[in-house]
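> Sequence first, predicted model second:
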Amino acid sequence: MIERGTITSSHAAISAVVRDAAHLDADHTFRIGLDFLLDGIEARVSRRRAAEEPDRP
């Protein structure tokens with residue numbers, strides 16, 4: 001996490017983005033990460049199932 005005041009004026013654009021960004025609470029951040037993880041698992045399982053199915057004429 002970037003602390004306030006760690007970005008100098010030489011990086012004003014980055015400072016503005018960090019300052020104005022939505023800062024999510026830990027529970028919301030966890031749920032987003034969990035959703036990404038579960039989506040990745042689902043995609044991998046789907047690819048494996050598709051690879052294991054015999055080609056149909």
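Great, that's in hand.

> what residue ranges in the chain score low on pLDDT?
Low-confidence segments of the chain, defined by pLDDT under 70: 1-9, 56-57.

> For it, just list every one of the strands.
Ranges of strands within the chain: none, based on DSSP state E.

> for it, longest helix please?
helix 26-52 (DSSP state H).

> how about that helix: buried residues?
Buried positions in helix 26-52, judged by neighbour count with 16 or more other C-beta atoms under 10 Å: none. Every C-beta, even on glycine, is put in place using the N, C-alpha and C of the backbone.

> Kindly report the same for stretch 14-23.
Ser15, Val18.

> so how far is it off the chain centroid?
Put simply, stretch 14-23 sits 17 Å off its chain's centre (C-alpha atoms, centre = their mean, to the nearest Å).

> Report the backbone C-alpha coordinates of that stretch in PDB.
The C-alpha trace of stretch 14-23 is given here as PDB (Å, rounded to 0.1, in the frame of the first residue of the first chain):
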ATOM      1  CA  ILE A  14       0.700   9.200 -10.000                       C
ATOM      2  CA  SER A  15       0.000  11.100  -6.800                       C
ATOM      3  CA  ALA A  16      -3.300  12.300  -8.100                       C
ATOM      4  CA  VAL A  17      -4.300   8.800  -9.100                       C
ATOM      5  CA  VAL A  18      -3.500   7.300  -5.700                       C
ATOM      6  CA  ARG A  19      -5.200  10.200  -3.900                       C
ATOM      7  CA  ASP A  20      -8.400  10.000  -6.000                       C
ATOM      8  CA  ALA A  21      -8.600   6.200  -6.300                       C
ATOM      9  CA  ALA A  22     -11.300   4.300  -4.600                       C
ATOM     10  CA  HIS A  23      -9.800   2.600  -1.500                       C
END
